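> Predicted structure and sequence below. I'll ask about it afterward.
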Amino acid sequence: MKRFTIILTAIGLAACNGMWEKDGMSQQPSPYPTLDGAPPLIIAHRGASGERPEHTLAAYALAIEMGADYIEPDLVITKDGRLVARHDNYLSTTTDVEDRAEFAAKQRWSAKFDRQDWFVEDFTLKELKTLRARQAFAGRSAAYDGQFEIPTFDEIMALARHRSEALGRRIGVYPETKNPSYFSSLGLDFEAPLLDILDRYGYGAKGSPVFIQSFEKEILERLREKTELRLIMLVYPRREDDPEAGRLEPQIRLEEAARLADGVGPAKSLLLTEDGHDSGFVAAAHALGLAVHAWTFRADQLPQGTASLEEEFLTYFRLGVDGVFTDFPDLGRQARANFKPQ
């Protein structure tokens, strides 16, 4: 069992038990064991990336059609300072750049990323727009390869606003700043363009359906001074070969996350022990007022012994997660509809 070095306050314990006080009256527990009793959010990881090439307008549009609460664009920065959606700043795994002779000279070795590739920071937006997206995962359909551009964050926000107006519900956006310290070393910073674009599309005010996420605490510290939008600290497990901690211990203390952010985005492995029991992570985070959005749930990458993605979702819904990142948002919606507390 993993240990978390926090003190569970009386308030935190009450929250963990699903009870709370309001105006001196004991309230009935919510059927959802989430931090605020609301249904867990369905976050479309890179769009509906199980069905379309990831980080394309088509993937985001399909995710919205499937009923996702939030769409998640990972953001990187072009040579001319434009925010675009890619999970990695290298391009060979998700685009046709290898087939483009005009860009052959841009291939290079990166010591930072330990690979020979083409990198988004070496391309202008105009150049990137000539590339076409490909399915990144073996075993998933390649039927849509070559059809879609790399979208800008502007284009993603325009889609979210347009579909919100058409559907009569606000589509949430959940951008991640990828490798912000690396891009900053190149003179390319996220904060100003990110916040400006969110504001221009009506998503900049406190209470807007936005979470900004990062693995790097420094950018969260800077953003905390510049915006009232909600921030999420992403959390990897420790490496298996790390001599300083157990295999699944988180890389950050939850107290540190509570100082920097409104929630945490842990690898889902942190939420269960090796034998499949509740690790205590969710309760510990909730006791500090932190929402928990776990990643990543995939129908084609099920844990050993799990019969279906719905079964996996339901396991984590019972733990009290406040949201799930999934490549298959329609299956997430279905599982949430079928959830019954035990």
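Right, received. Where do you want to start? Every value quoted in this text rests on a predicted model; they were computed, and no experiment measured them. Residues are numbered from 1 along each chain as shown.
> how about the helices of the chain, start to end?
Remark: helices assigned in the chain by DSSP state H are 10-16, 57-65, 125-128, 153-167, 180-185, 191-200, 217-226, 254-260, 281-287, 309-319, 329-338.
> Show me which residues of the longest one are buried.
By neighbour count, with 16 or more other CB atoms under 10 Å as the criterion, the buried positions of helix 153-167 are 153, 154, 155, 156, 157, 158, 159, 160, 161, 163, 164. Every C-beta, even on glycine, is put in place using the N, C-alpha and C of the backbone.
> Equivalent analysis for the shortest one, please.
Going by neighbour count (16+ other CB under 10 Å), the buried part of helix 125-128 is 125, 127, 128.
> Check the last one too.
Applying a neighbour-count criterion of 16+ other CB under 10 Å, the buried positions in helix 329-338 are 329, 330, 331, 332, 333, 334, 335, 336.
> Go through those and say which is closest to residue 264.
Distances from the buried residues of helix 329-338 to residue 264 were compared by CB to CB; the smallest belongs to residue 332, at 19.1 Å.
> Show me where the stretch 151-300 of the chain dips below the pLDDT cut-off.
Counting by pLDDT under 70, the ranges of the stretch 151-300 of the chain that qualify are 238-249, 251.
> picking up where we left off before, just send the buried residues of helix 153-167 back as TSV, with distance to residue 140 too.
Below are the buried residues of helix 153-167 laid out as TSV (distance: CB to CB, whole Å):
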residue	distance to residue 140
153	25
154	28
155	23
156	21
157	26
158	27
159	22
160	24
161	29
163	24
164	28
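> Now flag whichever of these is closest to residue 135.
Taking CB to CB as the measure, residue 156 is the one of the buried residues of helix 153-167 closest to residue 135, at 19.2 Å.
> For residue 295, give its distance to residue 270.
Relative to residue 270, residue 295 is positioned 10 Å away (criterion: CB to CB, to the nearest Å).
> neighbour-wise, which of those two wins?
Neighbour tally, residue 295 and residue 270, criterion other CB atoms under 10 Å: the higher count belongs to residue 270, 22 against 19.
> where's that one relative to residue 332, distance?
Between residue 270 and residue 332 the computed distance is 19 Å (CB to CB).
> Over to residue 308?
When residue 308 is compared with residue 332 (using CB to CB), they lie 12 Å apart.
> likewise residue 293?
When CB to CB is the yardstick, residue 293 and residue 332 sit 12 Å from each other.
> and for the two, which residues touch both?
Between them, residue 293 and residue 332 have residue 324 as joint contacts when contacts are counted by CB atoms under 8 Å, 6 or more residues apart in numbering.
> Okay, now the unreliable bits of the stretch 1-150 of the chain?
1-30.
> Looking at the buried residues of helix 329-338, which one is closest to residue 107?
Ranking the buried residues of helix 329-338 by separation from residue 107, with CB to CB as the measure, puts residue 329 on top at 34.7 Å.
> Show the model's pLDDT score for that closest one.
In this model, residue 329 is scored at 98, pLDDT.
> quick one: contacts for it?
With contacts defined as CB under 8 Å, 6+ apart, residue 329 is in contact with 42, 43, 44, 48, 63, 66, 67, 68.
> Can I get the residues you listed in CSV including distance to residue 316 and neighbour count?
CSV is the format used below for the contacts of residue 329 (distance: CB to CB, whole Å; neighbours: other CB atoms under 10 Å):
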residue, distance to residue 316, neighbour count
42, 12, 28
43, 13, 27
44, 17, 31
48, 20, 26
63, 19, 31
66, 19, 19
67, 18, 17
68, 17, 26
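> now, which of these lie within strands?
Within the contacts of residue 329, residues falling in strands by DSSP state E are 42, 43, 44.
> How about the last one, nearest residue that isn't a chain neighbour?
Beyond its immediate neighbours in the sequence, the residue positioned closest to residue 44 (CB to CB, 6 or more residues apart in numbering) is residue 63, lying 3.3 Å away.
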